[in-house]
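heads up, no residue letters with this:
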Ligand SMILES: Nc1ncnc2c1ncn2[C@@H]1O[C@H](COP(=O)(O)OP(=O)(O)OP(=O)(O)O)[C@@H](O)[C@H]1O
Ligand SMILES: [Mg+2]
């Protein structure tokens with residue numbers, strides 16, 4: 001039987017007069033790569049912000065691996081294996097890569113990586129030659145890889161990625177997709193993207209948000225042919 005990781009129901013959030021999310025249900029299972037797509041402002045980042053403990057929902061339930069995580073802090077969630085990256089990459093720009101990694105490891109009180117595991121991850125993300133460079137001097141692609149490393153040192157069971165190829169050049173997108181394919185062997189993935197290559201090549205299933213509501217949930221091949229998704233999202237982007 002498949003093990004449920006994420007379990008969300010009736011999630012709603014308003015910012016003043018803006019309804020960012022309206023009664024959204026969703027789940028993910030262990031081993032799955034779950035995609036999320038939808039127009040700008042449709043509530044995707046808000047969804048991740050609530051699941052990852054950055055903002056409180058107005059209503060709804062949040063579960064992870066059978067645990068009620070409502071009100072949990074990002075730190076507490078890291079401890080149980082849930083973490084996220086940011087749409088606008090967040091690293092400590094003024095600190096060397098090495099120090100960024102050390103800071104990230106401090107978040108965890110147990111299950112730390114040993115140095116061989118850390119070395120392997122650092123090489124895999126091709127940051128082993130960049131350890132003494134300030135993170136702010138890295139390219140965006142390198143910063144995105146560093147942010148990924150800063151979460152993977154927490155040994156997540158589920159990592160939530162908010163537009164991991166945002167701002168990258170086409171060849172870098174191809175490389176990132178390859179890395180994320182390899183990442184699937186390490187943990188379950190939730191990925192928000194506007195780049196449909198990422199969704200087509202990586203996602204086992206896709207949730208679609210439009211104006212804060214979940215309008216579809218299914219295999220990418222079906223979702224990318226869905227009339228409403230094309231009319232209200234995909235079609236408008238290429239018009
Ligand atoms: N902290 C906030 N305060 C006020 N309004 C917010 C806040 N965060 C999000 N919103 C609003 O909520 C709505 C959903 O925003 P959200 O960032 O979740 O969209 P998104 O789907 O991630 O969009 P994008 O694809 O552009 O990243 C938008 O109207 C946005 O302006
Ligand atoms: Mg967003």
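Sure thing, it's come through. From a predicted model like this one, the values you see are computed outputs, not experimental measurements. Ligands and ions are numbered 1, 2, ... in the order given.

With residue 124 as the reference, measure out to residue 134.
22 Å (CB to CB, to the nearest Å). C-betas here are computed from N, CA, C, even on glycine.

show me the contacts for the closest residue to ligand 2 within the chain.
Residue nearest to ligand 2 within the chain: residue 45 (3.1 Å; CB to the ion). Applying CB atoms under 8 Å, 6 or more residues apart in numbering to residue 45 gives the contacts 87, 162, 192.

list the contacts for the nearest residue to the second one once chain neighbours are set aside?
To tie it back to what came earlier, the one meant is residue 162. In this structure, residue 162 finds its nearest non-sequential neighbour in residue 87, 4.3 Å apart by CB to CB, 6 or more residues apart in numbering. Applying CB under 8 Å, 6+ apart, one finds that residue 87 lies in contact with 45, 162-163, 166, 192.

residues near residue 157, how many?
For residue 157, the count of nearby residues is 17 (other CB atoms under 10 Å).

Also the one 3 residues further on?
Residue 160 is flanked by 26 other residues according to other CB under 10 Å.

these two touch, right, it and residue 50?
No - when contacts are counted by CB atoms under 8 Å, residue 160 is not listed as touching residue 50 (10.9 Å).

who are the neighbours in contact with the residue nearest to residue 65 when sequence neighbours are not counted?
Nearest-residue entry for residue 65: residue 5, 5.7 Å, with adjacent residues in sequence omitted and distances by CB to CB, 6+ apart. Residue 5 is in contact with 27-30, 32, 64-65, 82, 157-158, 188, counting by CB under 8 Å, 6+ apart.

what do you get if the cut-off is 7 Å, keeping everything else the same?
Counting by CB atoms under 7 Å, 6 or more residues apart in numbering, residue 5 makes contact with 28-30, 64-65, 157-158, 188.
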